[in-house]
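In: based on what follows, work out the 3D shape:
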Amino acid sequence: MNRLLRCSLILNALLLAGLLWCAWQPSQAMSPPARTIRRPPSTSQASQPMPPATQTAVLSPSTFRWADIESADYQIYRDNLRRIHCPETTLRDILVADIDALFAQKRNAIVAPHQDRFWTAILGQDLEAFIDEKLQQLNELQEQKDETLTALLGNGWEKALRNESHNAAQERLGFLPEGQQNQVLNLRDRYLGRMEQIEIDPTLNDQEKRAQIDALRRQEREELSRLLSPEQFREFDLHLSLAAQRLRDRLAAFQPSETEFRQFHEIQQRVDALFAKTTSGEQAEQAKEEMFDREVRNTLDDERYAQYQLARDPAYQDLHALGTRMGLDETTIAATHQIRKSIENQIRSTQDNPALSADEQRRSLQALRSAAEQQLLITLGPEAYREYRKHQSNWLETE
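Out: Numbering: from 1, shown residues only. Next up is the predicted model:
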């Protein structure tokens, strides 16, 4: 029994390490394209300018095409971005997000195969050695990721990202005098640091972590309420609260006006207050969602509510994110989504048609796929269509 318990604790430590590693990475809706990671230079070399890379793009703004910028080699990709005068902050965001996604896949390859094999692993003869090996692989992977980003972006890239986050928060606090801005940011950073320490504390289980973090958030709000006037506190909630950020992410494809966002935020606060003492769970979340939608329906006119419903579709959300990245207008994004819905309906009708033989069904599905590809190419244009096919065309796989 002692050995069983000890093995259980060790294996849980591995899974916790994997989950924590993943928790620090931004979630990615799309897989990164395959690129080459060159062997990073030494730390002393990393802060120096990189030598010119081969196969770089020579472009003027009028001839810009994203396909000419991308490269299978990260250093060439970075240099191409610089050659079109991409701002360093934007360049850093692009590369960090891309590499985060790449290494999240690598981490998953280490951890995922073993997450559902607890009892099988316990029966092995060298479980502790297995756990040590996996933990070492995760640590080495993190070191490789850090070395890769340092090679591409130079020493201090992490500090630069933190500064950008701090500056973005400061911009959102423009409704406060400068002295109060600094007080709020210092308070916020202090509590975020304490929450991060709780997240990585191996002595706490998930329930204990949630309880302690919730308590810290209440303390933070109490301090803020003493620091700010009631009106300032409402504006802080609107611009920088966790609830507002979640709402902002949720409405990204809807693109609410400032007035609409303020209305939605008030609705969210009312709904959260009503369910504050309700036990969390799937039914409670569904009830909150239904109440939120009813109030939104009473707030928006028919046209905007239809747009809101469309923006809740996960397929449309993914498409909108791609369209934003590729510079597509809202009309093109909506037309592309409509093509998908129309073809999907025809695919279901074909698959459910008992009058068709297997061969007739196969030919009909192939014809629908060809028609969809042609319509998408015309609507999106060659470059955006290529990106769409790469990331969002699983629904076209009809066979």
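In: show me the shaky parts of the stretch 101-250 of the chain.
Out: 111-132, 134, 160-167 (pLDDT under 70).
In: ranges for the helices of it?
Out: Remark: helices assigned in the stretch 101-250 of the chain by DSSP state H, counting those that start in this stretch are 118-122, 127-153, 157-172, 178-199, 206-227, 230-240, 242-250.
In: can you add distance to residue 308 and give these back as a markdown table?
Out: C-beta: built from backbone N, CA, C; applies to glycine. Shown next, in a markdown table, are the helices of the stretch 101-250 of the chain (distance: least, Cβ to Cβ, whole Å):
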| stretch | distance to residue 308 |
| --- | --- |
| helix 118-122 | 43 |
| helix 127-153 | 38 |
| helix 157-172 | 24 |
| helix 178-199 | 31 |
| helix 206-227 | 28 |
| helix 230-240 | 19 |
| helix 242-250 | 11 |
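In: who are the packing partners of the helix or strand containing residue 292?
Out: Element membership for residue 292 (DSSP states H and E) is helix 282-299. The contact analysis (3 or more Cβ pairs under 8 Å, 6 or more residues apart in numbering; DSSP states H and E) places helix 282-299 against helix 258-274, helix 302-311.
In: in that helix, what counts as buried?
Out: By neighbour count on 16 or more other Cβ atoms under 10 Å, the buried set for helix 282-299 is 288, 292-293, 295-296, 299.
In: I'd assumed residue 235 was in contact with residue 262.
Out: No: using Cβ atoms under 8 Å, residue 262 is not in contact with residue 235, being 10.1 Å away.
In: so between these two, which is more surrounded?
Out: Taking neighbours as other Cβ atoms under 10 Å, residue 262 and residue 235 compare with residue 235 leading, 17 against 13.
In: what about stretch 303-321, how long is it end to end?
Out: 22 Å (Cα to Cα, to the nearest Å).
In: before we move on, back to that, let's have the helices and strands packed on helix 282-299 in a markdown table, adding mean pLDDT and distance to residue 223.
Out: A markdown table is the format used below for the helices and strands packed on helix 282-299 (pLDDT from 0 to 100; distance: least, Cβ to Cβ, whole Å):
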| stretch | mean pLDDT | distance to residue 223 |
| --- | --- | --- |
| helix 258-274 | 91 | 19 |
| helix 302-311 | 93 | 35 |
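In: tabulate the ones you listed (JSON lines), appending distance to residue 367.
Out: Formatted as JSON lines, the helices and strands packed on helix 282-299 follow (distance: least, Cβ to Cβ, whole Å):
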{"stretch": "helix 258-274", "distance to residue 367": "42"}
{"stretch": "helix 302-311", "distance to residue 367": "28"}
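In: I'd like to know how many residues surround residue 177.
Out: Counted with other Cβ under 10 Å, residue 177 comes out at 10.
In: oh, I was asking about residue 215
Out: 11.
In: done for today, thanks.
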